[in-house]
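**Student:** Sequence and predicted structure, then a few things I'm wondering about:
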Amino acid sequence: MTSVVIILGPPGAGKGTQAVRLAAEFGLPHISTGDLFRENLSNETELGELAKTYMEAGKLVPDEVVIDMLFGRVAQDDCTGGYLLDGFPRTVAQAEALSDRLSEEWTTRTMQLDVPDEVLVDRASGRLLCKGCGNIHHEQFKAPAKEGVCDACEGELYKRADDAAETVKERLEVYHSETKPLIQYYGERGMLDVVDGSRTPDEVYTDLRALLTTSKASEQEVT
Ligand code: ADP
Ligand code: ZN
């Protein structure tokens, strides 16, 4: 069995923070569609140009565009043994496209980070990202030891343009209308676990890690 692990949750829920740790511990490539778009933006590719207006407005990039980009990425060699998705799927159409693509030897495991909206705006609007290693700091909740500098790699920290409070609100609305239906989609199929994402990163990580360890054990019984 090969697994796709999906981290589902609203903007600011901590998907990126948790995904980086899980990927390292379980040896899975961490595939973040937001990071892929940001890479394309900074390299000024055609895809970046296309995604830019949507991202800046807090809207979703059209499904066909995201699906093509994601499928191109997971077709690479490092993903043959499984991978971890962060930021995909974000619509039911994306979830269906993913499930159509995966053959029967693949299992899908979805873990939802549940966080109330009030917490999300504060989290996203203070967020600081590292240009060097992708590490995530926060102005109040996880301030770097030295202002503007990443604790992990001493890279330069920056704020995402779409973390401005107004855009975060738009992203939350989009989440409620487009992405929340996925909770039902995966729930009905018995593929969903819910974790309380309003706690500290370490507490959340402990739960996610335990869930993944269980799924690994049950897969070994089958083979
Ligand atoms: P968040 O912190 O909101 O989870 P991401 O870094 O995952 O943000 O994504 C940033 C932006 O990139 C989104 O607001 C959206 O415009 C675009 N994007 C990323 N993934 C997808 C996707 N699966 N479908 C559509 N748009 C996406
Ligand atoms: Zn760094």
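**Tutor:** Structure's in. What do you need? Numbers count the residues shown, from 1 in each chain. Ligands and ions are numbered 1, 2, ... in the order given.
**Student:** For this protein, which residue gets nearest to ligand 1?
**Tutor:** Of all residues in the chain, the one sitting closest to ligand 1 is G34 (2.0 Å; Cβ to the nearest ligand atom). In short, each C-beta sits where N, CA and C put it, glycine included.
**Student:** Enumerate every residue touching that residue.
**Tutor:** With contacts defined as Cβ atoms under 8 Å, 6 or more residues apart in numbering, G34 is in contact with G16, D86, G87.
**Student:** ok, of those residues, which one's closest to E46?
**Tutor:** Closest to E46 out of the contacts of G34 is G87 (20.5 Å), distances taken as Cβ to Cβ.
**Student:** circling back: which pLDDT value goes with the residue of the chain closest to ligand 1?
**Tutor:** The per-residue pLDDT reported for G34 equals 95.
**Student:** Pretty sure S32 is one of the things R73 touches, is it not?
**Tutor:** No: using Cβ atoms under 8 Å, R73 is not in contact with S32; the gap is 9.9 Å.
**Student:** For the two, indicate the residue with more neighbours.
**Tutor:** In terms of neighbours (other Cβ atoms under 10 Å), S32 is the more surrounded of R73 and S32; the figures are 22 against 18.
**Student:** show me what contacts that one?
**Tutor:** Taking Cβ under 8 Å, 6+ apart as the definition of contact, the neighbours of S32 are K15, G16, A19, D86, G87.
**Student:** Can you classify the residue of the chain closest to ligand 1 by secondary structure?
**Tutor:** State at G34, reduced to three classes by DSSP: H, G, I helix; E, B strand; the rest coil: helix.
**Student:** what about it, distance to A75?
**Tutor:** Taking Cβ to Cβ, to the nearest Å as the measure, G34 falls 20 Å from A75.
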